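>>> Generate coordinates for the sequence data below:
(chains A, B and C)
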Amino acid sequence: MTAFLAKRILGMVPLLLGVSLLSFLLLQLSPGDPLSAQRGNPQIPDGLIRRIEAQYGFDRPVPEQYLRWLSRTLHGDLGYSFKYKRPVAAVLWERMGATLLLSLFSSLLSWFLAIPLGVWSALRRGGWPDRVVSVTAFVGMSLPSFFLALLLLYAASVLPELPLVGRIPIGGLVSPDFDQLGPVGRILDVLKHLLVPGLVLAVGGVAGLQRVARGSLLETLRQPYVVAARSRGLPGKSVLWRHAFRNAANPLITLLGFEFSALLSGAAFTEIITSWPGLGLVALEAVRAKDMFLVMATVLMGSFLLLVGNLLSDILHAWNDPRVKLS
Amino acid sequence: MSPAVAKLRGILAANRAARWSFAVLCTLYLLALLAPWVAPYAGDDESRGRSWAPPSSIHLRESDGSWHTPFVRSVSFTFDDDAQRVWTEDSSCRYPIVLFRGGHLFGLADALPTPGWSASGGGVAPSGRLYLLGADARGRDLLSRILLGSRVSLTIGVVGVAISTAIALLVGGIAGFAGGWIDGALMRLCEVVMLVPAFYLLMLLRAALPLDWDSRVVYLSIVLILSFLGWAGLARILRGMIRSLRQSDWILASRALGTHPWTILWRHALPQTFGFLAVQATLSIPGYIVAESGLSLLGLGIQDPQTSWGNLLEEAMSIAEIRLHPWSLLPGLFLFAAVLSWNLLGDALRDAFDPRGGAS
Amino acid sequence: MSLLSVRDLRVSFGSPSGPVHAVDGISFRLGEGEVLGLVGESGCGKSATATALCGLLPAGARTSGSISLSGQELTVLPEDAWRRIRGRRVSMVFQDPMSSLNPLMSVGDHLVETLRAHGDLPAREARAEAVQWLRRVGIPDPAARMSSFPHELSGGMRQRVMIALALCPGPDLLLADEPTTALDVTIQAQILDLLARLRDELGMAMLFITHDLGVVERVADRIAVMYAGGIAEEGPAAAVLARPRHPYSRGLLASVPGFHPRAGRLPSIPGSVPSPRDWPSGCRFHPRCPVADGICTTAAPTAADGVACHHPEATA
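Numbers count the residues shown, from 1 in each chain, chains lettered A, B, ... in the order given. Next up is the predicted model:
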């Protein structure tokens, strides 16, 4: 396992290099250099601009520029963000956690909803519960996530106070009085804020997952080993979960790997609309402010998260299916 | 052409959902085509005094109890004690809704005085506006803007997919057919492009291509940016298909006869993939429509005064104020309808070409 | 009283063009510890018979007639009653051991699961018992094999595991549906010997389904020959093989090389097996029968003295 992990992590490096090269080359298309937008800004000290110019050499040939940027990056210096007035690495570090939290929460939520729904509709195939779930799932898949976010925010803004939860927050990570809350209060506060964005992302995920779960389970229930298990007099639940479902899970895990890219994109959009302070929001603000170092860094980070997600999905695959050789 | 059309008709005949979606899509695209005529107002027809006017109430009875053809009244607003807007109708006259007015499908006729109304002074009738779906911040009719915006939103997806598919065919075809280091290099490129999640790729491209103000350039740039999203994955699949086709007997026979590789590629191999491509394209269009809307929603796509549905939804983004003009969310419904219809149609197409794929 | 008594069993499957009668009125008996070989070509309904005996027909299949196991009528049983019968009284070995084993579970997991489902065994004892069963079916180094997965085993080993799985609950009747068809010829012989040995050790009855006459010769006490949904001929194995009376059985046996060595062309039965959707009238074999005449085309023969034919033993 460790050999496999080491190999995969090593394999990530050339891919990330490729991404960095691609982004670097693309950004060369824009007129001027990364500092063009900042030079006219009186708030930014001249010394800072000159220092960065010296570091990155904007008057040098392109390959040399790339190598300079690369060497600085490998030393941990991802550049300076003018919008946030901090090193880019610091900004990323602050915002990554929020994106990870949102992605993880909504993934878990969609799985916990989709799998029982998928199993339920597979077992009642053709009946009205199956049809209702299918239609709802299809509608969920077709509803753009940002539109759903807007709808939910609208609903939250007109809803009165709910018992237990109080007003559902319509933006941000924490309430203004966060610092005064105790540890449990803080966790609850974050969870409350996670509700709308997490739900929005989960809905999109559930729809697709449920369809695949249902299809996969129907396929598996037809398999000879399921019939064979029944022929041995094994109880129904056992056959369903140990034999049918575990095999049906394989395409689901594969789907998880493919969906990670969509998840990160959807998360970014949702973050922006619900003001959830994550990586997506940072990327948008970077583009708006023409903060080029930050743009490149967010692109790299997004790709990195995708690679990690794929790795996790592969590991999950290997854990579920002994035929998969980690190599 | 005919077998494809026949197949489409067969699919529509068999699948009720597909029929409905096809009908909805035809309606939407027809409306988009005829938008400047169908829409009662031009896209930049402002009325600042009516910023955020609610949807017009359509009346059938006058204050004296008489029945008339549908009409509306002029509206204006005042602020109440809580600094909230209160809209009131001006009962001095009515504006009948008529067809074929002023070069549009329908509009408002001139004001007709309300019977029994005595004007206290002056005699100038207030101007009337037909806001079937409400107004935006500058008093522009939302319905008109939705209809005009559909021209961008509905077509950008189709054009984007077309360009994407063309690029994928080129890259995938060459890679699959040439093999060797060309294949390797192109596939590595695809992998790298696919590694960046769509949103971040969009951000990157937008940062790289600052947009002009010329609407045609904006449209084209957005289309190109969107096409960049999808070609890589498709190219990989096509490359796989071409590679396996390359080994098939009839291609080998072609080569043995000395046919030029380009001819083989373009006239023999690639056409085999068209069925698959048709399904893929239909399934991808909704994604592009949503991507454009998302981009415009963030202010990075179609800009004012051009309209697209995403652009219109930008006005719904001010969460604090959305309660005051919930109709700003309506473009999202149109978006949803278009996406749902394309999805249903794509699903039906896919089932027809490969019944074993997907849920049974 | 016989262990298994099947009377006028009919099985039909729904299809877009109407019901398909895969099994059309077969009757036979099976005594305790007896091995009945059910022989026939594909499409004659033998697999459907086995599946019916196990209660595992797909939804949409209709059965009629009687299946009586030690006096208990099985055709009217609800699903949970069937679950108590399966494994404990009736068990099945399938044709393709690769697809009949759960690829995600180890051999040991399979056995332990089945053992614990049928008895209140704690895990450790179940594992020990599982190792014993692996030894009993002739798997070398059974303790190590417990943690193997199906894809790591050869075809013969997988089938041995399947047999162990089917027999470990201790059924009275074992249904073997073409258990050797998917295996190499040399392995086939080993599996057949294994089944024979287990029958001697455990005393269970077996319904052995196959299309291969060579296989059935090795293992069966009695033989029933199936054709087009019905039983053409039935009797003690030696008798049927040496002196077949139904024209179909005769044709079958004559067409097997080496059975009755002779020079010249290998005889074959003209025509092909009819589809269940389109069975001939009267005696279903009449279009291909060398001795068929008028009555054969109109009236289906009833079984008499183990043969269903209007002209048994007639020569062409």
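>>> Closest residue of the stretch 151-300 of chain C to chain B?
residue C:277 (22.2 Å; CB to the nearest CB). (C-beta placed from N, C-alpha, C; glycine too.)
>>> That residue touches residue C:17, doesn't it?
Yes: shown here, residue C:277 and residue C:17 form a contact pair, counting by CB atoms under 8 Å, at 6.8 Å.
>>> out of the two, which sits in the more crowded spot?
For residue C:277 against residue C:17, the residue with the higher neighbour count under other CB atoms under 10 Å in any protein chain shown is residue C:277, and the figures read 11 against 7.
>>> so where's chain A shaky on pLDDT?
Scanning chain A for pLDDT under 70 picks out A:160-168, A:170, A:326-327.
>>> quick one: the longest helix seen in it to chain centroid distance?
Determined from DSSP state H, the single longest helix within chain A is helix A:183-221. Using CA atoms, centre = their mean, to the nearest Å, the distance from the centre of helix A:183-221 to the centre of the chain it belongs to is 13 Å.
>>> And the residue nearest the centre of the chain?
If you meant another chain, say so; for now it's chain A. The residue at the geometric middle of chain A, judged as the C-alpha nearest the mean C-alpha position with CA atoms, centre = their mean, is residue A:264 (2.9 Å).
>>> if you could check chain C rather than the one you did, that'd help
In chain C, the C-alpha nearest the mean C-alpha coordinate belongs to residue C:209, at 2.5 Å (CA atoms, centre = their mean).
>>> How about the residues of chain A by chain C?
Chain A has residues A:223-225, A:227-236, A:238, A:242-243, A:246-247, A:320-323 near chain C, with proximity defined as CB under 8 Å from any CB of the partner chain.
>>> Any figure for the gap between the residue lying farthest from the centre of chain C and residue C:110?
Of all residues in chain C, the one whose C-alpha sits farthest from the chain's mean C-alpha position, using CA atoms, centre = their mean, is residue C:124 at 34.4 Å. Distance of residue C:124 to residue C:110, given as CB to CB, to the nearest Å: 17 Å.
>>> now do residue C:66
33 Å.
>>> Give me the more crowded residue out of those two.
Ranked by neighbour count (other CB under 10 Å), residue C:66 and residue C:110 place residue C:110 first, with 26 against 15.
>>> Now the more buried one: closest residue in space that isn't a chain neighbour?
Closest residue in space to residue C:110, ignoring its immediate chain neighbours: residue C:165 at 5.8 Å, by CB to CB, 6 or more residues apart in numbering or on different chains.
>>> Surely the one you found and residue C:111 touch.
Yes: at 6.3 Å, residue C:165 counts as touching residue C:111 under the criterion of CB under 8 Å.
>>> Between those two, tell me which one has more neighbours.
Here residue C:165 and residue C:111 are set side by side on neighbour count (other CB under 10 Å), and the busier one is residue C:165, at 29 against 24.
>>> Please identify which helix or strand holds that one.
Here residue C:165 is covered by helix C:155-167, with elements defined by DSSP states H and E.
>>> what helices or strands is the following helix or strand past that helix leaning on?
Sequence-wise, the next helix or strand downstream of helix C:155-167 (DSSP H and E) is strand C:173-177. When contacts are defined as 3 or more CB pairs under 8 Å, 6 or more residues apart in numbering or on different chains; DSSP states H and E, strand C:173-177 packs onto helix C:46-54, strand C:90-93, strand C:205-210.
>>> Quick check: which of these is nearest to chain A?
Taking CB to the nearest CB as the criterion, chain A comes closest to strand C:90-93 out of the helices and strands packed on strand C:173-177, the separation being 4.4 Å.
>>> Identify all contacting residues around the helix or strand just after that closest one.
Tracing the chain C-terminally past strand C:90-93 and defining elements by DSSP H and E, one meets helix C:107-118 next. With contact meaning CB atoms under 8 Å, 6 or more residues apart in numbering or on different chains, helix C:107-118 is reached by A:232-235, A:238, A:242, C:87-88, C:101-102, C:105, C:121, C:123, C:126-127, C:129-130, C:133-134, C:145-150, C:153, C:161, C:164-165, C:168-170.
>>> Show me which residues of helix C:107-118 are buried.
C:107-118 (16 or more other CB atoms under 10 Å in any protein chain shown).
>>> related to what we said a few turns ago, isn't the residue nearest to the centre of chain C up against residue C:174?
No: assessed by CB under 8 Å, residue C:209 is found out of contact with residue C:174, at 11.1 Å.
>>> Quick check: residue B:164 touching residue B:284?
Yes: look at residue B:164 against residue B:284 with CB under 8 Å: they come within range, at 7.3 Å.
>>> what about the longest helix of chain A, near chain B?
Yes: on the criterion CB under 8 Å from any CB, helix A:183-221 is in touch with chain B at A:211-212, A:214-215, A:218-219.
>>> So residue B:227: helix, strand or coil?
Secondary structure for residue B:227, judged by DSSP: H, G, I helix; E, B strand; the rest coil, is helix.
>>> how deep is it tucked in, by neighbour count?
Residues lying near residue B:227 (other CB under 10 Å) number 20.
>>> Check residue A:179 too.
For residue A:179, the count of nearby residues is 8 (other CB under 10 Å).
>>> helices and strands around the helix holding residue C:165, which ones?
When contacts are defined as 3+ CB pairs under 8 Å, 6+ apart, helix C:155-167 packs onto helix A:224-231, strand C:90-93, helix C:107-118, helix C:123-136, helix C:185-202.
>>> OK, contacts around the residue nearest to residue C:110?
With CB under 8 Å, 6+ apart as the criterion, the residues that contact residue C:165 are A:228, A:232, C:110-111, C:114.
>>> Which one of the residues you listed is nearest to chain B?
Closest to chain B, out of all of these and judged by CB to the nearest CB, is residue A:228, at 21.9 Å.
>>> Phi and psi next, for the closest residue to the closest one other than its chain neighbours.
Taking CB to CB, 6+ apart as the measure, residue A:228 lies nearest to residue C:100, with 4.1 Å between them; neighbours along the chain are not counted. Summarising the backbone geometry of residue C:100 under the convention degrees, to the nearest 10, its torsions are phi -90, psi 0.
>>> Just give me the closest of the residues of helix A:183-221 next to chain B to chain B.
residue A:215 (3.8 Å).
>>> and the closest one, how far is that from chain C?
Residue A:215 sits 18 Å away from chain C when distances are taken as CB to the nearest CB, to the nearest Å.
>>> So which bits of the stretch 101-250 of chain C are right by chain A?
Of all the residues in the stretch 101-250 of chain C, those lying near chain A are C:101-106, C:113-114, C:117-118, C:149, C:151, C:162, C:165-166, C:169, going by CB under 8 Å from any CB.
>>> ok, the residue of the stretch 1-150 of chain B at minimum distance from chain A - how many residues close by?
For the stretch 1-150 of chain B, the nearest residue to chain A under the criterion CB to the nearest CB is residue B:17, separated by 8.8 Å. Per other CB under 10 Å, the neighbour tally for residue B:17 reads 16.
>>> For it, which non-adjacent residue is closest in space?
residue B:344 (4.8 Å).
>>> Give me the residues contacting the longest strand anywhere in chain B.
Using DSSP state E to assign secondary structure, the strand with the most residues in chain B is strand B:85-101. Residues lying outside strand B:85-101 but in contact with it, judged by CB under 8 Å, 6+ apart, are B:40, B:52-54, B:57-59, B:62-63, B:68-80, B:105-114, B:117, B:119, B:125-126, B:128, B:130, B:324.
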